[in-house]
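Undergrad: fold the following, please.
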Amino acid sequence: MHCEKANKTFLGVLSAMIIGGCIAHYATSAEKNTALQNSSSFERGKNLAFNICGQCHYDESLKHFTGKLMDLPGFMGKIYSANLTHSLSYGILNKYTDAEIFYLLKTGVARDGRYVPYMIRPNLADDDINDLLVYLRSHDTAVSPKDTVPGKTHVNLLGKLATKVAGKPLPYNKGVLRPKEADAVSYGKYLVDNLACYHCHSKSVLGLDYLDPEKSKGYMQGGFKFKIKKGKNIYAANLTPDKETGIGNYTKENFHKALVKGIKPGGDSLRLPMPKFKHLTTKQSDALFAYLQSLKPVKNKVKR
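TA: Next up, the predicted model:
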C-alpha cells in the first residue's frame, strides 16, 4: 500500500516536471503603449521604485539600481537581480519596451517568454506602473548608467525545474485602479500586496495567492523560515494584531520606526532579510498599520 502511494507520488512529480519542461515559453505582450508623464509621475514613480524594486535591485553601497544577490533557496543555484540603470552594457531596460515591462509585472512573463515568478505584481495599479516606468526612464542619479553587475546568475537543473513546476503565468490583470489614499485600510491593503509584505510574513511561498493575497496560507501570521549564515534560521514575524504574539501592542509611531529605521519597540534591531524602507512616507506606514490592525488577531508564537 505504501509502495503504491509512493509510486503515485513519484509519477505525479515526474509528470509535473515533464509538463513544466515542455511549456518553457509563453506568449508575451504585443501592445505598443508607452508611459506618459504628468506633474506627479516622477516623484510617485521614485517612491514606488525604491519601495518595491529597491528591495531586490538597489545596491545601497553603490547608490544605484545595479542589482544584487537574491535571497532564494540555495538548491536553485545563485540568482542575481538585474541592473536597472541606463547602462548600455549591462542594463536591461534598454532591451524592454514599456509595454513588455507592464506585461512582465502583471503576468510574470519576460520579453523572451520565460516565466519569472518573483517579478509578479498583478494588482499594481496601471497608473502606478506608468509612473514607475517614468522614473526608471528618467535621468535620476540612482538609475543613471552604472556599468557593473553584482554577479553571474547560475540556475542549476533543480532550480529550473522548480521554477517551471512552481506555477504558471497569471492572467493579464489590466485596468487596475489606484485605491483612494484617504481610505487608510484600503491603501494599506494595497501596499501590503505590492510591497510584497505577505510574501515573507505568510506561512509558505507555495501557499501564496498573488491575485488575492488574503487567501494565502497563514496570511500575515508569520513563521516563514529563512536560512542565514552559520546554519542558523530566522523566522518572519506575526504581523496580525494579536497582543501576545503579533503587533497588537504597537503604535503608529513605533511601527513607522521599525519599518523605516529597522528598530523595534524596546530598541532591538530588526534582522535581515527584513529591509529598511527608508523611502516609505509616514502616510504609507500609517496606512500599512491601519490595515494590519484591521486583520483578525491570530495567536501564532513564532520561533526566535
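Undergrad: what's the spacing between the residue nearest to the spatial centre of the chain and residue 277?
TA: Central residue of the chain (Cα atoms, centre = their mean): residue 196, 4.3 Å from the mean position. Distance of residue 196 to residue 277, computed by Cβ to Cβ, to the nearest Å: 12 Å. C-beta: built from backbone N, CA, C; applies to glycine.
Undergrad: check residue 294 too.
TA: 20 Å.
Undergrad: the more surrounded of the two?
TA: Neighbour totals were compared for residue 294 and residue 277, and residue 277 leads with 22 against 13 (other Cβ atoms under 10 Å).
Undergrad: in contact with the nearest residue to that one once chain neighbours are set aside, which residues?
TA: Leaving aside its chain neighbours, residue 277 sits nearest to residue 259 (4.9 Å; criterion: Cβ to Cβ, 6 or more residues apart in numbering). Shown in contact with residue 259 (Cβ atoms under 8 Å, 6 or more residues apart in numbering): 276-277, 280, 285, 288.
Undergrad: 6 Å instead, please
TA: Taking Cβ atoms under 6 Å, 6 or more residues apart in numbering as the contact definition, residue 259 lies against 277, 280, 285.
Undergrad: does it sit in a helix, a strand or a coil?
TA: Of the three states, residue 259 takes helix under DSSP: H, G, I helix; E, B strand; the rest coil.
Undergrad: tell me the pLDDT of it.
TA: For residue 259, the pLDDT comes out at 96.
Undergrad: gap between it and residue 195?
TA: From residue 259 to residue 195 the distance is 10 Å (Cβ to Cβ).
Undergrad: try residue 213
TA: Residue 213 is 11 Å from residue 195, by Cβ to Cβ.
Undergrad: can I see the domain layout of the protein?
TA: What automatic domain parsing lists as the domains of the chain is 27-166, 184-294.
Undergrad: those: which one's closest to residue 300?
TA: Proximity to residue 300, assessed across the domains of the chain by Cβ to Cβ, is greatest for domain 184-294 (4.6 Å).
Undergrad: how long is stretch 85-104 from one end to the other?
TA: One end of stretch 85-104 sits 18 Å from the other (Cα to Cα, to the nearest Å).
Undergrad: to clarify, my last question referred to stretch 173-189.
TA: 18 Å.
Undergrad: mean confidence score for that stretch?
TA: The average pLDDT within stretch 173-189 is 97.
Undergrad: could you list the low-confidence segments of the stretch 101-250 of the chain?
TA: Within the stretch 101-250 of the chain, the ranges that satisfy pLDDT under 70 run 158-166, 228-231.
Undergrad: do that again at 80, thanks
TA: Within the stretch 101-250 of the chain, the stretches with pLDDT under 80 are 118, 153-167, 226-232.
Undergrad: what ranges do the helices span in the protein?
TA: Applying DSSP state H to the chain gives helices spanning 2-22, 41-48, 54-57, 98-107, 126-136, 157-166, 184-194, 197-201, 252-261, 282-294.
Undergrad: mind giving me TSV with those and columns for distance to residue 79?
TA: Output for those, formatted as TSV (distance: least, Cβ to Cβ, whole Å):
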stretch	distance to residue 79
helix 2-22	18
helix 41-48	23
helix 54-57	10
helix 98-107	16
helix 126-136	21
helix 157-166	8
helix 184-194	21
helix 197-201	15
helix 252-261	26
helix 282-294	28
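Undergrad: for residue 35, give me its contacts.
TA: Applying Cβ under 6 Å, 6+ apart, we find residue 35 in contact with 98, 130, 133-134.
Undergrad: nearest to residue 271 among these?
TA: The closest of the contacts of residue 35, once distances to residue 271 are taken by Cβ to Cβ, is residue 133, at 33.4 Å.
Undergrad: any idea how far that closest one lies from residue 37?
TA: Residue 133 is 9 Å from residue 37, by Cβ to Cβ.
Undergrad: neighbour count winner among those two?
TA: The neighbour comparison of residue 133 against residue 37 (other Cβ under 10 Å) goes to residue 133, with 26 against 15.
Undergrad: cheers, nothing more for now.
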